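my questions concern the predicted model and sequence given below.
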Amino acid sequence: MMGTMKYRLMALYVTVAVALAPIIAFAKSSEDEDTVKLEARLEGYTTTVRMASSSTALTWLMIGFLSAVAIAVLFKNAKRTHLD
């Protein structure tokens, strides 16, 4: 009984997703480019407050740092106590 219900729910989810996908894609493509670029936080400034070019360097540095922290935890001695 539960297996049949899971199968029917999954079929319903897939059907709804397939039915709504074209509608969502059409709604997203109907926006003009000017309204997408406007942000209320940036309106009213006389000078450009956006950065001219963007880079992903800080993201990569953060990934490297977090990876180093994660790998350092792997090499922690499990038998070490607070009495060392």
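All right, it came through fine.

what helix or strand does the most centrally placed residue in the chain sit in?
Compute the mean C-alpha point of the chain, and by Cα atoms, centre = their mean the closest residue is residue 59, 13.3 Å away. Using DSSP states H and E, the secondary-structure element containing residue 59 is helix 57-74.

looking at that helix now, give me its mean pLDDT.
Average pLDDT, helix 57-74: 93.

export it as PDB, just CAs?
The C-alpha coordinates for helix 57-74 follow below in PDB (Å, rounded to 0.1, in the frame of the first residue of the first chain):
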ATOM      1  CA  ALA A  57      39.200  35.100  -6.800                       C
ATOM      2  CA  LEU A  58      37.700  35.700  -3.300                       C
ATOM      3  CA  THR A  59      35.400  32.700  -3.700                       C
ATOM      4  CA  TRP A  60      38.300  30.500  -4.700                       C
ATOM      5  CA  LEU A  61      40.300  31.700  -1.800                       C
ATOM      6  CA  MET A  62      37.500  30.900   0.600                       C
ATOM      7  CA  ILE A  63      37.000  27.500  -0.900                       C
ATOM      8  CA  GLY A  64      40.800  26.800  -0.500                       C
ATOM      9  CA  PHE A  65      40.700  28.000   3.100                       C
ATOM     10  CA  LEU A  66      37.700  25.900   4.000                       C
ATOM     11  CA  SER A  67      39.200  22.900   2.300                       C
ATOM     12  CA  ALA A  68      42.400  23.300   4.300                       C
ATOM     13  CA  VAL A  69      40.400  23.400   7.500                       C
ATOM     14  CA  ALA A  70      38.400  20.300   6.500                       C
ATOM     15  CA  ILE A  71      41.500  18.400   5.600                       C
ATOM     16  CA  ALA A  72      43.200  19.500   8.900                       C
ATOM     17  CA  VAL A  73      40.400  17.900  10.800                       C
ATOM     18  CA  LEU A  74      41.000  14.600   9.100                       C
END
